[in-house]
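> Sequence isn't available, so here's the structure alone:
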């Protein structure tokens, strides 16, 4: 019994220590903004994290939008409400599926890459070399990636939603025969920027910050071995995915004032 309590206590202390290191890293990285003279570092990371994630985001958004159109039409046609297909798909994509799924894709592609890259820098002592030369790794390595994820994630989420709506229109209007005017008019009348679109953007901003923060910390805090980097990369994907889903629940709870 006492051995179990000691083990539980050690794990709890280790958890709080990890959270403390993660919070300290985040605060120092945000406080040490990238040097405006080196803004190209942020642009380069936007390309690495955002632009290189466009293909998987577009393909996934189109596929999910098409599936939503098929499923939604199958349900709405029973009640003669297939004209509301565009509104239903747009609301689901903009407020929920777009931010959440794009964040999960971002964690799997960009987050794991960031963790592996920083972990490799640590294993090969590049971070230590920077400190010896008087270069701050937080400003040079960590901060640009945090800001790039913060900027890229909302753009990817909006792209996901737009492509998803286009995929739903292609399936619903061109294939299933929903009247095109009704499809777009119900969407334009029912979707409000402040009530719907803005909430999805806020979600994607929060997801981008959390996913990038986890990815950067796991790489920076990883064991400087190949096994340690592999474990850190796995933790990034797992922790980011769970954090996105849990955070989505609480953000939705606050946004709809439950």
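Structure received. None of these values were measured; they are calculated from a predicted model. Residues are numbered from 1 along each chain as shown.
> What is the distance between the helix or strand encompassing residue 47 and the centre of its chain?
Using DSSP states H and E, residue 47 falls within helix 39-49. Centroid separation between helix 39-49 and its chain, computed with CA atoms, centre = their mean, to the nearest Å, is 17 Å.
> Would you mind pulling up the elements that that helix packs against?
helix 112-123, helix 143-169 (3 or more CB pairs under 8 Å, 6 or more residues apart in numbering; DSSP states H and E). Bear in mind the C-beta positions are built from the backbone N, C-alpha and C, glycine included.
> For the following helix or strand past it, buried residues please.
Downstream of helix 39-49, the first helix or strand assigned by DSSP H and E is helix 54-76. By 16 or more other CB atoms under 10 Å, the buried positions in helix 54-76 come out as 56-58, 60-62, 64-66, 68-69, 72-73, 76.
> Likewise for stretch 102-122?
102-119, 121-122.
> what mean pLDDT does it have?
The average pLDDT within stretch 102-122 is 90.
> cool, and stretch 87-94?
The pLDDT scores in stretch 87-94 average 90.
> where does the nearest residue to residue 140 once chain neighbours are set aside land in three-state SS?
Setting aside the residues directly before and after it, residue 140 is nearest to residue 130 in space (CB to CB, 6 or more residues apart in numbering), at 6.3 Å. Under DSSP: H, G, I helix; E, B strand; the rest coil, residue 130 falls in the helix class.
> Am I right that residue 130 is in contact with residue 142?
No. Applying CB atoms under 8 Å as the test, residue 130 and residue 142 come out as separate, 11.2 Å apart.
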